[in-house]
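*Asks:* okay, sequence plus prediction incoming.
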Amino acid sequence: MKARDMIEGDPARNDALVLVDGLDRVVGSATKWKAHAESLLHRAFSVVLVREGAHGPELLLAQRAMGKYHSGGLWANSCCSHPRMGEEVLDAAYRRVREELGCDARDLRELDSFVYYEAFDNGLAEHEYDHVLLGVPEGETAPDPSEVMAVRWVGVDDLAAELADHPERFCAWAPMVLSIALREVTR
């Protein structure tokens, strides 16, 4: 399936994404397709949900659905998406956790942000100013299968080892996002 067809099947395909400069100042908007096809720097967020497990903190990972327009089958943080034009990052994050994971989040807070660029074989690219958010889940997950094919809770030591030993299992932004989250939960 072509990348354009995959995005055309995405219900959020016509959302106006927020285009930004390198300081996260709004410079315009573009459709999801245009932003990714033309490598336009746009605002994004990556949510990491954490809970206290039997042996310490555990982070929720989500495996991207195979039908995603890039990185299908790779592991990522709990939820990744884009705020809509005029939508605050935190509001968008609460909305997308509910839509993607079928549960609510609470106590979301921003830890850090960074800019990254990753080109994919299908001609699309991610060029994002990514806000990293940490929070707690409320209720059990019931992921949307068009977004997420699996979820799993991973302890901090196991996650750090997997990121070091098998980075190929993760999407492009996940090592940075998860490193930021690990730094926070192991303080």
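*Replies:* That came in fine, so what should we check first? Residues are numbered from 1 along each chain as shown.
*Asks:* and the closest residue to Ala62 other than its chain neighbours, what is it in contact with?
*Replies:* Of all residues not flanking Ala62 in the chain, Val148 sits nearest, at 4.6 Å (C-beta to C-beta, 6 or more residues apart in numbering). The C-beta positions use only the backbone N, C-alpha and C, and glycine is treated the same way. Taking C-beta atoms under 8 Å, 6 or more residues apart in numbering, we find Val148 in contact with Ala62, Gln63, Arg64, Ala65, Glu100, Leu101.
*Asks:* and of those, the nearest to Ser78?
*Replies:* Nearest to Ser78 out of those is Ala62 (C-beta to C-beta; 5.6 Å).
*Asks:* contact partners for that closest one?
*Replies:* Residues near Ala62 by C-beta under 8 Å, 6+ apart: Trp75, Ala76, Asn77, Ser78, Cys79, Glu100, Leu101, Pro143, Glu147, Val148, Ala150, Val151.
*Asks:* picking up where we left off before, mind checking which of the contacts of Val148 are in helices?
*Replies:* Under the assignment DSSP state H, those contribute Glu100, Leu101 to helices.
*Asks:* among the contacts of Ala62, which ones are buried?
*Replies:* Trp75, Ala76, Asn77, Ser78, Cys79, Glu100, Leu101, Pro143, Glu147, Val148, Val151 (16 or more other C-beta atoms under 10 Å).
*Asks:* closest to Arg43 among the residues you listed?
*Replies:* For these, the residue nearest Arg43 by C-beta to C-beta is Cys79; the value is 15.1 Å.
*Asks:* ok, the closest one - contacts?
*Replies:* For Cys79, the contacting residues are Ser46, Val47, Leu49, Ala62, Ala93, Arg96, Val97, Glu100, Leu101, by C-beta under 8 Å, 6+ apart.
*Asks:* on that earlier part again, for the contacts of Ala62, which one is nearest Asn14?
*Replies:* Nearest to Asn14 among those is Glu147, at 17.0 Å by C-beta to C-beta.
*Asks:* related to what we said a few turns ago, give me the phi and psi for the residue nearest to Ala62.
*Replies:* The phi/psi pair for Val148 (degrees, to the nearest 10) reads phi -130, psi 130.
*Asks:* and the pLDDT at it?
*Replies:* pLDDT, Val148: 97.
*Asks:* in strands, which of the contacts of Cys79 fall?
*Replies:* Ser46, Val47, Leu49, Ala62 (DSSP state E).
*Asks:* all helices for this structure, in order.
*Replies:* With DSSP H applied, the chain shows helices at 3-8, 32-37, 89-101, 156-165, 174-185, listed in chain order.
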